[in-house]
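*Asks:* kindly return the folded structure for what I paste below:
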Amino acid sequence: MFEAQSDGAVRAGGPRVVALTEQGAAAAQVPLQVSAQGTRAVGPGGVEGILRRQAMRESAARTYARSLPIVPVRARGLTIEGADGRRYLDCLSGAGTLALGHNHPVVLEAVRGVLDSGAPLHVLDLATPVKDAFTTELFACLPPALAADARIQFCGPAGTDAVEAALKLVRTATGRSGLLAFTGAYHGMTAGALGASGGAPDVRVTRLPFPQDLRCPFGVGGPEGARLGARWTESLLDDPKGGVPSPAAMIVEPVQGEGGVFPAPDAWLRRMREITEARGIPLIADEVQTGVGRTGAFWGVDHAGVVPDVMVLSKAIGGSLPLAVIVYRSGLDVWAPGAHAGTFRGNQLAMAAGAATLAYVRKNRLAERAATLGERMLTALRGLASAHSCIGDVRGRGLMIGIELVDPDTGAPAQALAAAVRQECLNRGLIVELGGRNACVVRLLPPLTLTDDQAAAVLDRLSDAIPAAVSHPPR
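*Replies:* Presented below is the predicted three-dimensional model:
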């Protein structure tokens, strides 16, 4: 259905073979066949033995391993190769961590440079040339109005710790404890971050409606639904009997990722900035998944021209290695030394990889590339939706794309069908994940280095997987 170029996919009905690197003929220079020796090296019992031992030893909380029973041994760009020799197109990208895909040369060169230099790998929060270079590059990429008056806090290595730091920061600076967050939000798995997320089991925040069209809480969708949501927010904050005291902050994702790939309308996000600014409420932008070009702008807030008071950054800023920071207005920098710390906040390899990634995305205009290619993919997927009534909605921004699957008769979320589509994709060598309410949204997060041919191959496999899943209904 979707035409590919010379390194794209073979047409429906046959096996698919795609290019394995980001640029043309270089693919042939990357040996990805697993030798007999390499296969034996995976351990007793081969691939099945590894998977069996994982199931026996690892926590029941493991997630991706349940739906993706593969054992990666090599990777480059978009492609992963398993220990069994099978190749996969990776549209999960470490949940959006791999802006440049797997093992990009500039990332590997940056890491090798630190290793070969003899520089310390662990320095707590001491100053180093590597940290200075990372911070300088990051500030060059920030919205100018924030960069001109910003402070940075290096946190523990996960995005959820940066969310915790942001919440602690605004509560210290304002002397207030309440928080405004949104339905469908996802901010991490530690206690404070989870409490601000849509699935919080113990609600301690004020939950506000996030705009969406398919299931608008006001039943209208579009700009009017977003306007009503903003009006509700304003009314709640200004009502002396509304039960919402002045909060420490509002936290928002420019695109809700785990919530189902819902882009915040630009006008609505600007209105949220106006509402919070007028009332002295700090605005926190959670850019953990939307940052570094993912949505077609360097930061998700750039689409609306919004400058938040705090930005939470992780995933892609570490160039595939663990790194998390918050960047915020200097006026909020009132906490005492040691008020937030973390043993691994001085990860030199991640800072080197992150600086290289930020610079590569900026210099090669990969955000603009993501906008162009993402719009092309969204258009193709909407065409696919017109042929399949089980696709309730196609939405996204840049290379952050979601396809919501529904029951054609009732419009209800089709969780089992979505899981079947994911499996059919995997059968065809395409890695995708699910998100959204009831896990009914098939999510695409390919690297920003995705080529036209690779995009065609991804769409081709997905277009085959959906009717295959429909024709074999899940039980």
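*Asks:* strands of the stretch 151-300 of the chain, residue ranges please.
*Replies:* All strands of the stretch 151-300 of the chain, identified by DSSP state E, counting those that start in this stretch, fall at 179-182, 206-208, 249-252, 255-256, 262-263, 283-286.
*Asks:* nearest to residue 240, of these?
*Replies:* Nearest to residue 240 among those is strand 206-208 (15.0 Å), distances taken as C-beta to C-beta. In this view, the C-beta of every residue, glycine as well, is placed from N, C-alpha and C.
*Asks:* which strands and helices lie in contact with the closest one?
*Replies:* strand 179-182, helix 222-238 (3 or more C-beta pairs under 8 Å, 6 or more residues apart in numbering; DSSP states H and E).
*Asks:* same list (the ones you listed) but as a markdown table, adding mean pLDDT and mean neighbour count.
*Replies:* Formatted as a markdown table, these follow (pLDDT from 0 to 100; neighbours: other C-beta atoms under 10 Å):
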| stretch | mean pLDDT | mean neighbour count |
| --- | --- | --- |
| strand 179-182 | 92 | 25 |
| helix 222-238 | 88 | 17 |
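*Asks:* adding distance to residue 244, write those out as JSON lines.
*Replies:* Compiled in JSON lines, these are given as follows (distance: least, C-beta to C-beta, whole Å):
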{"stretch": "strand 179-182", "distance to residue 244": "8"}
{"stretch": "helix 222-238", "distance to residue 244": "5"}
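*Asks:* which one of these lies closest to residue 315?
*Replies:* Once those are compared by C-beta to C-beta, strand 179-182 is nearest, at 19.7 Å.
*Asks:* list the strands paired with that closest one, with their directions.
*Replies:* strand 206-208 (parallel), strand 249-252 (parallel) (DSSP bridges).
*Asks:* burial check on residue 459, number of neighbours?
*Replies:* Residues within reach of residue 459, counting by other C-beta atoms under 10 Å, total 24.
*Asks:* what does the one 4 residues further on give?
*Replies:* The local packing of residue 463 (other C-beta under 10 Å) involves 19 other residues.
*Asks:* right, and it touches residue 384 too?
*Replies:* Yes: with contact defined as C-beta atoms under 8 Å, residue 463 and residue 384 form a contacting pair (5.6 Å).
*Asks:* what's the helix or strand harbouring residue 66 in contact with?
*Replies:* Secondary-structure element containing residue 66, defined by DSSP states H and E: helix 64-67. By C-beta atoms under 8 Å, 6 or more residues apart in numbering, the residues outside helix 64-67 that reach it are 54, 58, 92, 419, 422, 423, 426, 433, 434.
*Asks:* can you redo these as JSON lines with distance to residue 338?
*Replies:* Below are the contacts of helix 64-67 laid out as JSON lines (distance: C-beta to C-beta, whole Å):
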{"residue": "54", "distance to residue 338": "38"}
{"residue": "58", "distance to residue 338": "34"}
{"residue": "92", "distance to residue 338": "37"}
{"residue": "419", "distance to residue 338": "46"}
{"residue": "422", "distance to residue 338": "44"}
{"residue": "423", "distance to residue 338": "48"}
{"residue": "426", "distance to residue 338": "46"}
{"residue": "433", "distance to residue 338": "38"}
{"residue": "434", "distance to residue 338": "40"}
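*Asks:* which one of those is nearest to residue 182?
*Replies:* residue 434 (20.5 Å).
*Asks:* neighbouring strands - and their directions - for the helix or strand containing the closest one?
*Replies:* According to DSSP H and E, residue 434 maps onto strand 433-435. In the sheet, strand 433-435 lines up against strand 441-444 (antiparallel) (DSSP bridges).
*Asks:* remind me what the helix or strand just after the strand it pairs with packs against, helices and strands.
*Replies:* Later in the chain than strand 441-444, the nearest helix or strand by DSSP H and E is helix 452-471. With contacts taken as 3+ C-beta pairs under 8 Å, 6+ apart, helix 452-471 sits against strand 87-90, helix 366-387, helix 415-427, strand 430-431, strand 441-444.
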